[in-house]
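Chemist: Could you look at this predicted model? Sequence included:
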Amino acid sequence: MSAPTDKFGRPIVVVTGMGVVTSLGAGKTDNWTRLTAGESGIRTVTRFPVDGLRSTMAGTIDFVSVDPVTSTGLTEKLAKMATEEALEQAAIGGKADFPGPLFLAVAPVEVEWPQRLAIGRETGKTEFTYDDVLRISGGGKFTEFHHRFMFGSVASHLAETFGTKGSPISLSTACASGATAIQLGVESIRRGEADAALCVATDGSVNPEAMVRFSLLSALSTQNDPPQAASKPFSKNRDGFVMAEGAGAMVLESYQSAKARGAKILGVVAGCGELTDSFHRTRSSPDGKPIIGCMRKTLADAGLEPEQIDHINAHGTATPENDKMEYNTTAVVFGDHLPKIPVSSNKSMVGHTISAAGAVEAVFSLLTLEHQRIPPTINYEIPDPAILFDVVGNKARDARVTAVMSNSFGFGGQNASLILTREPA
Amino acid sequence: MTEPQPSPAKEVWITGIGIVSSLGEGLDAHWDAVNQKRINTEAQRYAPYIVHPLAPVSFDAQIPKKGDQRQMEAWQRIGTYAAGLALDSAGIKGNTEILGRTDMIVAAGGGERDLAVDLAIMNTDARGNSAPGFLNERLMNDLRPTLFLAQLSNLLAGNIAIVHGVCGTSRTFMGEEAASIDAARIALARIESGQSDIALVGAAHNGERSDLLVLYEFGDFNLTGEFAPVWARGGNSGFALGSAGCFLVLESREHAEARGAKPYARLAKVIADLANRKQPGAVTQSLQAMWPKLGVATDKASLITGATGVEPVTSEEKAFLAQHPGLAVRATGTIFGHTLETQFPLGLALAALSLSRGALFPPNDPTGLEVEMRGAPDQIVVMGAGHWQGEGMALVEAIK
């Protein structure tokens, strides 16, 4: 076995279990097959009426149901599915006895419309105020609404189900949340607090208000027909992202403890980085410095030079601004080496899984390392001439991949990057 | 193969405190208020529910651009304001070199609603004349486009970055009371281990929201009728929501000394737990298990708790306190109301303030659970047990 620490003397953090659920299916096998076949999980929404919406498609997960129907309930179910798969692969701890902390990226929680309408009807009036609503809310009839719509509810249920240790952390860094969950796990292992950490990111929040909110910010694609062609990262005719649901889970361990228990090592989280952009609530600083700084911090954290990165799993949302900014900043960081780096966006097929994206794409990055095959960016018919990435367009590509950078950028100036590599030699 | 030797934990100082609440803003106003046992409640506006309303604040002082203020809802303005006070207090306001590498962990809820829009939709629905797609159309037409950004949990951190330029890293923890215990825990661990030099940690809460009253009314958590200190609520249990923002600047001692910063106190330990509350007594046991890990030197220490006043958790806290009869206890729930994510930072702030001023503020409790304390405290324990889950403790120490 090689040294258990990296060149900075910190414990090496490896991945020993992964799970994923997206609109393409449940589990790594199905997802990888469909992802590398260039299939889309985007479809016209049937879960609720789409009348009056500007965008009518999403990467909904329709093969999973929850009762009662809530986005938070679905979010929790997806997280459980991904976690079960990851734990089965890692074969760590006992049943409901995971030997480390939980870091959960999860969409902000709030009372949802079916429940809000239900309490309105409960007033028994046809004209009422919030005081009337308040008057009928107590007394135990809606206790479950309280538990369901607490921000900590998903994490505490997961902690109970999987027996994680200590206080579970629920976090949001918007569209970078999944990467942040992994980063928190890496940091705790590097500090020596834990030998293992469970990092999960989940989002089941395709509901009318969520779609309206992004739509009102002009963030969503409106190319509704056909829905599979809507998400067009790096294309000239891209017009926004497609909302989607999904979950990704990773069991992280110190290399030493993974080796000691004979676990199969799926890859290494070699570096993490983040840097805040203070320019605007939804737009990146025009000079791109925060994103450039984020990628450079991540390279430095991994102890790698830009030339050592041989694939970028892009944030690639297909919004006009993101893709242009991602190219411009990546070009600064990688310079002359950039043309040698194949770049792809999983969001062309699974859509933007928002809070889950960073972890879902980290799982796909590790599968890329495992299979030495890069999933395509589909719908890449009219390349944007201003984006000179070597885009893996439309068809998967076999390639020698040793180190992947996975980027995540979000509202609120959130930038986070990960570098994933194969098992230490 | 040689084991890496972990370097010894760095000492972490609290070098900045920012508070805005129902009692006013800033450290002097709060020190005076707690010493005068002043409490600010509002019993009429949401009667029969009681809240602790935000004292009048001129947001311009910390959020100079009106455009920024308009982009925020109240909870974000409160938090961004308190964060500015904390940076001022630490002497790093406007110091772009330090702020550019300051790590931020915000504990946030979110989701201030447009109540008029919600009510109109609910009323139409209750009248039974809503067509398919009715909800979509109303939301598309009636929601203010930027409201989403005022609701998103991570946009308090986003606004602090924009207004104050805190832009090292930005993480938002969610999960009610426990979120800020974990925020303090992770910030401390990162600085102790050298992963971070300086961090801004805190939270904000707007307690003057009908939609939040509804949310907590689902669980019968709201205090109604007569206000009473948290220990004196007896058969009338519940919390009175409070508005407050509280942020702390934490930094390694060496970083603080290098820039000549004066500390308020040392943050020595933060521990968090998730007790299984289906078991009666689990919270008492959890608190009891944390106690020996804190490093409290004497049973004559002080303890500031965020006790909510709701049951059964308040009784479980009392059972824990009964096992430590020498402690001088104070309750921020009596002083500020219940401020969810902000309660633990408020406890840390009052602890650091008391240590730096060489005295614990007086009790405010007719039941006698809170007792007078003479002399200067050396150590103050800060405790939190959430209204439905999540427990934690911190140890704050005087720097002599």
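Modeler: All right, it came through fine.
Chemist: Measure how buried whichever residue of chain B sits closest to chain A is and give me the count.
Modeler: Closest contact between chain B and chain A, by Cβ to the nearest Cβ, is at B:Gly133 (2.6 Å). Just so you know, the C-beta spots here come from the backbone N, C-alpha and C atoms, and that holds for glycine as well. B:Gly133 is flanked by 16 other residues according to other Cβ atoms under 10 Å in any protein chain shown.
Chemist: now stretch A:68-78: mean pLDDT?
Modeler: Stretch A:68-78 comes out with an average pLDDT of 97.
Chemist: and if you look at stretch B:333-344?
Modeler: Rounded mean pLDDT across stretch B:333-344 is 98.
Chemist: What of stretch A:227-244?
Modeler: 98.
Chemist: Centre of the chain to it, how far?
Modeler: Centroid separation for stretch A:227-244 versus its chain: 17 Å, with Cα atoms, centre = their mean, to the nearest Å.
Chemist: mind checking the end-to-end distance for that stretch?
Modeler: For stretch A:227-244, the first-to-last residue distance is 12 Å (Cα to Cα, to the nearest Å).
Chemist: residue ranges with poor pLDDT in chain A?
Modeler: A:1, A:425 (pLDDT under 70).
Chemist: Show me the residue at the heart of it, geometrically.
Modeler: For chain A, the residue nearest the mean C-alpha position is A:Ala357 (1.7 Å; Cα atoms, centre = their mean).
Chemist: For whatever residue of chain A ends up closest to chain B, give its distance to B:Leu143.
Modeler: Residue of chain A nearest chain B, by Cβ to the nearest Cβ: A:Asp51 (2.6 Å). Distance from A:Asp51 to B:Leu143, counting by Cβ to Cβ, to the nearest Å: 17 Å.
Chemist: what about the two, which has more around it?
Modeler: For A:Asp51 versus B:Leu143, the count of surrounding residues by other Cβ under 10 Å is larger for B:Leu143: 19 against 13.
Chemist: if I pick the more buried one, what's in contact with it?
Modeler: A:Glu209, A:Val212, A:Arg213, A:Leu216, B:Asp114, B:Val117 (Cβ atoms under 8 Å, 6 or more residues apart in numbering or on different chains).
Chemist: and B:Pro64, how many neighbours?
Modeler: 12.
Chemist: now the strands for the stretch 101-250 of chain B?
Modeler: Remark: strands assigned in the stretch 101-250 of chain B by DSSP state E, counting those that start in this stretch are B:103-107, B:169-174, B:198-205, B:241-242, B:244-252.
Chemist: Dump those strands into JSON lines; add mean pLDDT and mean neighbour count as well.
Modeler: Putting the strands of the stretch 101-250 of chain B into JSON lines (pLDDT from 0 to 100; neighbours: other Cβ atoms under 10 Å in any protein chain shown) gives the following:
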{"stretch": "strand B:103-107", "mean pLDDT": "98", "mean neighbour count": "28"}
{"stretch": "strand B:169-174", "mean pLDDT": "98", "mean neighbour count": "30"}
{"stretch": "strand B:198-205", "mean pLDDT": "98", "mean neighbour count": "30"}
{"stretch": "strand B:241-242", "mean pLDDT": "98", "mean neighbour count": "28"}
{"stretch": "strand B:244-252", "mean pLDDT": "99", "mean neighbour count": "30"}
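Chemist: out of everything not next to it in sequence, what's closest to the residue of chain A closest to chain B?
Modeler: Here the nearest residue to A:Asp51 in space, its sequence neighbours aside, is B:Gly133; by Cβ to Cβ, 6 or more residues apart in numbering or on different chains that works out to 2.6 Å.
Chemist: Next: B:Leu294.
Modeler: B:Leu395 (4.6 Å).
Chemist: Got phi/psi on the one you found?
Modeler: phi -120, psi 120 (degrees, to the nearest 10).
Chemist: measure it to B:Leu267 for me?
Modeler: Taking Cβ to Cβ, one finds B:Leu395 at 8 Å from B:Leu267.
Chemist: for B:Arg330, same thing?
Modeler: 18 Å.
Chemist: What of B:Ile19?
Modeler: Distance from B:Ile19 to B:Leu267, by Cβ to Cβ: 16 Å.
Chemist: can you check B:Ile92 too?
Modeler: For B:Ile92, the distance to B:Leu267 equals 17 Å [Cβ to Cβ].
Chemist: Which stretches in the stretch 1-150 of chain B count as helices?
Modeler: B:27-35, B:66-70, B:74-90, B:96-99, B:115-126, B:134-142, B:147-151 (DSSP state H, counting those that start in this stretch).
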